[in-house]
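# Pasting the sequence and the predicted model now:
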Amino acid sequence: MDLRLDEVNGIKVLRIDGDITEDRDSLVVTFTDMLSTPHARIVLDLTRAKYLNSAALGDLVRMVGQANVQEARVILAGAPPFIAGLFAATRLDRFFEQAPSLEDALQRLSTPRPVQPV
């Protein structure tokens, strides 16, 4: 797995290439560093990800959960069919905010979400 971190208009983009199975520690550490910015806006670009195992799925759940606690917003973009199917089969498609493409995710994060009444 290769990771590449970019920033587009204040939105952090982590591009993941290959199988998300081994060396997941680098993914978790990189993601945790991205959360150092208050109210971070993050895209995990899965367009070039090929496969993820159950341990990696657990890491994604913990990472996004931590982001939610820190009031960051995370969108998983461009999940290939196998990974999108895995999210659906495990019902995590209800937990993860997803976008069909990196461009769509960047657009969503560029537009403020409406404030919900308390």
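Perfect, I can see it now.
# three-state assignment of E22?
coil (DSSP: H, G, I helix; E, B strand; the rest coil).
# which residues does it contact?
M1 (Cβ atoms under 8 Å, 6 or more residues apart in numbering). Placement of C-beta: from N, CA and C, glycine included.
# Quick check, pLDDT for it.
For E22, the pLDDT comes out at 80.
# next one: phi and psi at it?
phi -100, psi 160 (degrees, to the nearest 10).
# tell me the mean pLDDT over the longest helix along the chain?
The residue-count maximum for a helix in the chain (DSSP state H) belongs to helix 54-69. For helix 54-69, the mean pLDDT works out to 95.
# Could you give the separation of that helix from the chain centroid?
9 Å (Cα atoms, centre = their mean, to the nearest Å).
# ok, now stretch 83-95?
So, by Cα atoms, centre = their mean, the centroid of stretch 83-95 is 13 Å from its chain's centroid.
# buried ones in that stretch?
83-84, 86-87, 92-93 (16 or more other Cβ atoms under 10 Å).
# now those residues as JSON lines including pLDDT and secondary structure?
Below are the buried residues of stretch 83-95 laid out as JSON lines (pLDDT from 0 to 100; DSSP: H, G, I helix; E, B strand; the rest coil):
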{"residue": "I83", "pLDDT": "96", "secondary structure": "helix"}
{"residue": "A84", "pLDDT": "95", "secondary structure": "helix"}
{"residue": "L86", "pLDDT": "94", "secondary structure": "helix"}
{"residue": "F87", "pLDDT": "96", "secondary structure": "helix"}
{"residue": "L92", "pLDDT": "95", "secondary structure": "helix"}
{"residue": "D93", "pLDDT": "94", "secondary structure": "helix"}
